[in-house]
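Chemist: any chance you can model this:
(2 chains)
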Protein chains: 2
Amino acid sequence: MNGSIIRYILGLVIRIESLLLLVPCLVGFLYDEPEAFSYMFVAIICFVVGTLLTVSKPKATVFHLKEGCVTTALSWIVLSVFGAIPFLLTGEMQSFTDAMFETVSGFTTTGASILNDVEALSHPSLMWRSLTHWVGGMGVLVFVLAVIPLTGGSNINLMRAESPGPSVGKLAPRVKSTARILYAIYFGMTALEMVLLLVAGMPLFDSICTAFGTAGTGGFGIKNDSITSYSATIQWIVTIFMIAFGVNFNFYYFALLRNFKKAFQMEEVRTYMAIIVASVAIIAWNIYETTAGVAKAILDAAFQVGAIITTTGFSTANFDTWPALSKSILVLLMFIGACAGSTGGGVKVSRFIILFKTFVKEANSYMHPKSYKKINMDGKPIDHDVVRSTNVYIITFFTLFVASVLLVSIEGRDLVTNFTAVAATINNIGPGLALVGPTQNFSLFTYFTKWVLIFDMLAGRLELFPLIILFHPGIWREAWDQRKKKIIR
Amino acid sequence: MNGSIIRYILGLVIRIESLLLLVPCLVGFLYDEPEAFSYMFVAIICFVVGTLLTVSKPKATVFHLKEGCVTTALSWIVLSVFGAIPFLLTGEMQSFTDAMFETVSGFTTTGASILNDVEALSHPSLMWRSLTHWVGGMGVLVFVLAVIPLTGGSNINLMRAESPGPSVGKLAPRVKSTARILYAIYFGMTALEMVLLLVAGMPLFDSICTAFGTAGTGGFGIKNDSITSYSATIQWIVTIFMIAFGVNFNFYYFALLRNFKKAFQMEEVRTYMAIIVASVAIIAWNIYETTAGVAKAILDAAFQVGAIITTTGFSTANFDTWPALSKSILVLLMFIGACAGSTGGGVKVSRFIILFKTFVKEANSYMHPKSYKKINMDGKPIDHDVVRSTNVYIITFFTLFVASVLLVSIEGRDLVTNFTAVAATINNIGPGLALVGPTQNFSLFTYFTKWVLIFDMLAGRLELFPLIILFHPGIWREAWDQRKKKIIR
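Modeler: Purely as a prediction, here's the structure:
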């Protein structure tokens, strides 16, 4: 294993975090709040540590999938640990577990909070929470790839480990260009939402934070009631942008190239939209009687469906009090998730398309046992490896899910709370049902449960394997062997 | 498609049912209860219909997988329809839906009842319910194969469609011998349990019904409190036999051949036992404080774990009131189910073993991308097709599961009720949690929900595809084309 490149990239990531920490620091100075110094202090620490780690260049920049996974997992852990320190320094959180939960929830774009009163936070901390969403949404390593010249290595493996979805498509021949295009689209759309929110009458600070939270499909609100108290216009804008950030970014790339035919033919995007329309229709019909008018029922249904399927997790209604059918649909949407190649979480629409096509193929094989057809997507045959790894992904996902529910059950809460707490974290959504419903938060859990959920948030965001691979004995044996060899030499 | 063989076998199945119906009829005469005549009447109808269908021999006895599936699905539907009529004639049930629910629940060895007061039933009806369990456990078509000479056809496809598990192993070179061996083991073990129950002081009628219910892993009790009011000795006997009937029957076959090494090396049986021991230990520890003594806690845990993992569904404790961890484990066991090649339902232990091994293989491929290893089970490599169809099975299973939960949710009950009602029927268990907990029953649901659950019970028992294939447009198009051709000729 190439240890020096891992060390080097971790250094780069920490240096980037030191820059990111300057944003809340600046906000603190603008609002004249002393919390600014906590952020400045950690920024300095990050700068020093990051610089020390990047002083000596790596000998080789070769990158295998293994290194990609290990680097990604370690990057996200390190990022979260440093990102949690300011919350402790400002005194806004008392325990490291809580600070870590909040930060991991931010970077993984989950948006589950352990805070009872969000509005009591300082402006720098509110900004930092939302900023972690924005950075986590597109991925910090994709950012590294966009700005740092890592030549010679097969650094697509870095992107593969961090990007969501069953297969990673390069938009441009070079990874660096792909990463830049992605960040350009991401930045443009975030800016557009911010401007629209401002025009609709939202204050500047709120607009920035809400746009960050939407873009990353994060879901940390800066109000205790999330988005509920803003106007219907603002809620519609947020709804549309949530859904837009859940779309596969290839769609926007094709649209930018004016290749609209290719964009609108994307099966995943069409299925995603169909699921949203159907869910909104059923839920609006289901909640209509208890809501003030049809328009409000449609808005409430659309907002909540958008918030859940894209795994953003903002809310404008307490859907925990909705009828069983609506709640069941929302729980189902939690698992479906957004499109691959978007900033959203969940299992991803494309994986379900692959599963569905595998099923149809099998059903047909009962009719014609000897026929052999490959599964197609967007007119192209899907690689057998992709089908296989999709199956494995689903298996692994549900195994981790079930194990987590059992571990959380030890605390003895009700089944719906345990089930949806894990569903809301492993899919990076935020709110669940019952004790972790949209009007509740995660502060009630023991430290043990919180660490289980922290693991789930990371596993969900990194799509399981990069994190799980850290527990593979082979990784550590190899690292250990190399160290021994070095000492002997 | 070979229509005449399907017609012929359906006729045989109905004739067998007419014989089966004589058992409750006889019980009725012994107890001098007028319900005997209802059973006799339906037995006569079945005999007439069955004879008419089998008057002309089929032209060809060739059997493809397709015919196997269609025959199996239709057999089970026809069997249930005729089996439901006595309940209506005796006046013990008022609606066809309820009678059908009870009969399907019987044949599929589910054991979920729509009766509020089981003890109010006549003796013939109690016997009929338990007998359907016994027949459904090993499968009626396996019985057909055991007694009827169907030469020339590849009738392993019939067995394949009805037998549980990812792959069907023939114990003997000929299908007929395999079917006979299976029924001999089945009959012997049932008789043994009956005798032991008698010795332990259970009345004869109770012993027969309980042995039938245990052997088929069914779960219909003849008391309102299931097995709760019987002695601890009886509960232990039932526990041991429930677990024994959940074991892959190949185990007993090897043991009969005195090939103990091969028997005890079966990975599925060892895993199944390990899961049981671990679950009993955790649950006993979890419920210990609220139970009268350690011995009682262990018995309660063992009985309920045995009843759920084997999908029998008897109960001796209201586990709906147990702590969350115990309940979560039981819900998990509902899905794991028994061994393949047993009379139990659920997804089956061997499928989970295959999934787990697939996962380990994938995790290793991250370490050594170019290595290629086949998955082994019991020392032999698993066929790639088995791995693939296991994946497809799981996908189909969970798709049907989710769709059913959504349909059941329309009624508006709580999430735990909906979730466990579907889990308890699709896995052929019986009781779930909350409103369908062990002290409750399924009478509260609407007809619509009951039909959804009837479908789930059949789909679960026939392992999905034989039933789903009935909805494949190709099947009906083909049958239609053949009919047209016949008319033209």
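Chemist: ok, how many other residues are close to residue A:191?
Modeler: 12 (other Cβ atoms under 10 Å in any protein chain shown). For the C-beta atoms, the positions are set from N, CA and C on the backbone; glycine is no exception.
Chemist: now the one 10 residues further on
Modeler: For residue A:201, the count of nearby residues is 11 (other Cβ under 10 Å).
Chemist: contacts for stretch A:437-450?
Modeler: Applying Cβ atoms under 8 Å, 6 or more residues apart in numbering or on different chains, the external contacts of stretch A:437-450 come out as A:95, A:97-98, A:101, A:112-116, A:225-226, A:315, A:317-320, A:407-408, A:410-411, A:421, A:431, A:435-436, A:453.
Chemist: what kind of secondary structure is residue A:344 in?
Modeler: Following DSSP: H, G, I helix; E, B strand; the rest coil, the label given to residue A:344 is coil.
Chemist: what's near enough to touch the closest residue to it other than its chain neighbours?
Modeler: Distance criterion Cβ to Cβ, 6 or more residues apart in numbering or on different chains; nearest residue to residue A:344, sequence neighbours excluded, is residue A:338 at 2.5 Å. Counting by Cβ under 8 Å, 6+ apart, residue A:338 touches A:217, A:245-247, A:272, A:309-311, A:344-346, A:348-349.
Chemist: at 7 Å instead, please
Modeler: Residues in contact with residue A:338 (Cβ atoms under 7 Å, 6 or more residues apart in numbering or on different chains) are A:217, A:246, A:309, A:310, A:311, A:344, A:345, A:346, A:348, A:349.
Chemist: measure the third one to chain B for me?
Modeler: This points to residue A:309. To chain B, residue A:309 is 15 Å away according to Cβ to the nearest Cβ, to the nearest Å.
Chemist: so after the lowest-mean-pLDDT helix or strand in chain A, what's the next helix or strand?
Modeler: The helix or strand of chain A with the lowest confidence, counting by mean pLDDT, DSSP states H and E, is helix A:156-162 at a mean of 70. Moving toward the C-terminus from helix A:156-162, the next helix or strand (DSSP states H and E) is helix A:175-199.
Chemist: buried set for whichever helix or strand comes after that next one?
Modeler: Going down the chain from helix A:175-199, the next helix or strand is helix A:204-215, by DSSP H and E. Across helix A:204-215, burial judged by 16 or more other Cβ atoms under 10 Å in any protein chain shown covers A:205, A:206, A:207, A:208, A:209, A:210, A:211, A:212, A:213, A:214, A:215.
Chemist: can you list the residues that contact helix A:204-215?
Modeler: A:123, A:126-127, A:130-131, A:133-134, A:137, A:186, A:189-190, A:193-194, A:197-198, A:202, A:219-220, A:222, A:238, A:241-242, A:245, A:312, A:314, A:343.
Chemist: now it against helix A:175-199, angle please.
Modeler: Put simply, helix A:204-215 runs at 140 degrees to helix A:175-199, going by axes from the mean of the first three to the mean of the last three Cα atoms, to 10 degrees.
Chemist: mind checking the pLDDT average for stretch A:384-404?
Modeler: Stretch A:384-404 shows a mean pLDDT of 87.
Chemist: close to chain B, is it?
Modeler: Yes: using Cβ under 7 Å from any Cβ of the partner chain, stretch A:384-404 reaches chain B at A:389, A:391, A:392, A:395, A:396, A:402.
Chemist: extract the C-alpha trace of that stretch and format it as PDB.
Modeler: This file holds the C-alpha atoms of stretch A:384-404, laid out as PDB (Å, rounded to 0.1, in the frame of the first residue of the first chain):
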ATOM      1  CA  HIS A 384     -22.000  -7.700 -15.400                       C
ATOM      2  CA  ASP A 385     -19.700  -6.300 -12.600                       C
ATOM      3  CA  VAL A 386     -22.000  -3.400 -12.000                       C
ATOM      4  CA  VAL A 387     -25.000  -5.800 -11.600                       C
ATOM      5  CA  ARG A 388     -23.100  -8.000  -9.200                       C
ATOM      6  CA  SER A 389     -21.700  -5.100  -7.100                       C
ATOM      7  CA  THR A 390     -25.200  -3.600  -6.900                       C
ATOM      8  CA  ASN A 391     -26.500  -6.900  -5.500                       C
ATOM      9  CA  VAL A 392     -23.600  -6.900  -3.000                       C
ATOM     10  CA  TYR A 393     -24.200  -3.300  -2.100                       C
ATOM     11  CA  ILE A 394     -27.900  -4.000  -1.300                       C
ATOM     12  CA  ILE A 395     -27.000  -7.000   0.800                       C
ATOM     13  CA  THR A 396     -24.300  -5.100   2.700                       C
ATOM     14  CA  PHE A 397     -26.600  -2.200   3.200                       C
ATOM     15  CA  PHE A 398     -29.300  -4.200   4.800                       C
ATOM     16  CA  THR A 399     -27.000  -6.200   6.900                       C
ATOM     17  CA  LEU A 400     -25.500  -3.000   8.300                       C
ATOM     18  CA  PHE A 401     -29.000  -1.700   8.700                       C
ATOM     19  CA  VAL A 402     -30.300  -4.700  10.700                       C
ATOM     20  CA  ALA A 403     -27.200  -4.800  12.800                       C
ATOM     21  CA  SER A 404     -27.500  -1.100  13.700                       C
END
